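**Student:** Give me coordinates for this.
(2 chains)
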Amino acid sequence: MIVAEQKTLEEIKTLVGSAKNVLVAGCGTCVTVCFAGGSREAAIVAAELRMASKLAGDAKAVADVTVQRQCEWEYLDEIAEQVGKVDVVLSLGCGIGVQAIAEHFPNAWVVPGLNTKFMGLPTEQGVWAERCAACGDCILGLTGGVCPIARCSKSLLNGPCGGSLDGHCEINSDVSCAWQLIYDRLTSMDKLEVLMDIQPPKNWKTSRDGGPRKIVREDLRLGKEE
Amino acid sequence: MSGDLQIVAYCCQHCAYAAADLAGGLRMQYPPAVRVVMLPCTGKLDALLVLQAFEDGADGVMVAG
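**Tutor:** Numbers count the residues shown, from 1 in each chain, chains lettered A, B, ... in the order given. Sure thing, here's the model as predicted:
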């Protein structure tokens, strides 16, 4: 999932500025399950903004709404009327949701209520950790299902480095050494021979280094109308 | 306690609310500012409920469970 964290109320108040009518837009997918921007969080932020603005003597009308996914036009269509009536939309979606609202509603002013952090998973209740860096050329088949791009601080393809100490990374003892994890896993699977191949430099063109990415699936596109 | 104050008391149905009920049966007094709201369990209490009470004019919120 995409993992995000809510901005502080102070920053949100600054972003909303002097707008009188505000719509707090939650998203029902990734940011709901990481407790950052679902319907519950949208209702709480809306209540906080209403009370904060009232206390400041500048009472705002703040409503909240949550769509299933902010990153698809069809779901955004459901809130078109509400978006059209407000001065600002505070999106509690990830960065994709904020941009989707801006793109779908050219006349709407939209600001982000979250900081989008990474793609990851909950490792325990209340803890999320990064797992994928979307490099665009997956090498998990070479590393026993542990990603050194996302989980090694240096994204090494042939590790570990000299900073690996007792299974931890030199940057922080809370960070596991990804290459130690890879070694342990391949050992337990009796597949250590996988590590005998030295990996050549990775082609980063498929990652962000090649500029913004796009996938076109001709088999899924709608044909042009005659 | 001032008569203008409003305190919302979220009480668990199984303990605090039952206790308040018993206190009432015993004719014990509590300030009229306290408005008791029964919850099936205080585990149901959410930040949103507390904010809602304040938004609706409560001066304080009490949780008993």
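
**Student:** Any regions of chain B where pLDDT drops low?
**Tutor:** In the predicted model of chain B, residues B:1-3 satisfy pLDDT under 70.

**Student:** the helices in it, which residues?
**Tutor:** B:16-25, B:47-55 (DSSP state H).

**Student:** nearest to chain A, of these?
**Tutor:** helix B:47-55 (4.1 Å; C-beta to the nearest C-beta). Every C-beta, even on glycine, is put in place using the N, C-alpha and C of the backbone.

**Student:** how near is residue B:54 to residue A:8?
**Tutor:** 19 Å (C-beta to C-beta, to the nearest Å).

**Student:** who has more neighbours, these two?
**Tutor:** Using other C-beta atoms under 10 Å in any protein chain shown as the criterion, residue B:54 and residue A:8 rank with residue B:54 on top: 14 against 10.

**Student:** these two touch, right, the more buried one and residue A:51?
**Tutor:** Yes. Assessed by C-beta atoms under 8 Å, residue B:54 is found in contact with residue A:51 at 6.6 Å.

**Student:** nearest spatial neighbour of whatever residue of chain A ends up closest to chain B, skipping sequence neighbours?
**Tutor:** Of all residues in chain A, residue A:47 sits closest to chain B, at 4.1 Å by C-beta to the nearest C-beta. The spatial neighbour of residue A:47 that comes closest, neighbours along the chain excluded (C-beta to C-beta, 6 or more residues apart in numbering or on different chains), is residue B:51 at 4.1 Å.

**Student:** quick one: the strands in chain B?
**Tutor:** Along chain B, the segments classed as strands by DSSP state E run B:7-12, B:34-39, B:60-64.

**Student:** So which of these is nearest chain A?
**Tutor:** Judged by C-beta to the nearest C-beta, the one of those that comes nearest to chain A is strand B:60-64, at 13.1 Å.

**Student:** Go through the helices of chain B and pick out the most buried.
**Tutor:** Mean neighbours per residue, mean count of other C-beta atoms under 10 Å in any protein chain shown, is largest over the helices of chain B for helix B:47-55, with a mean of 16.
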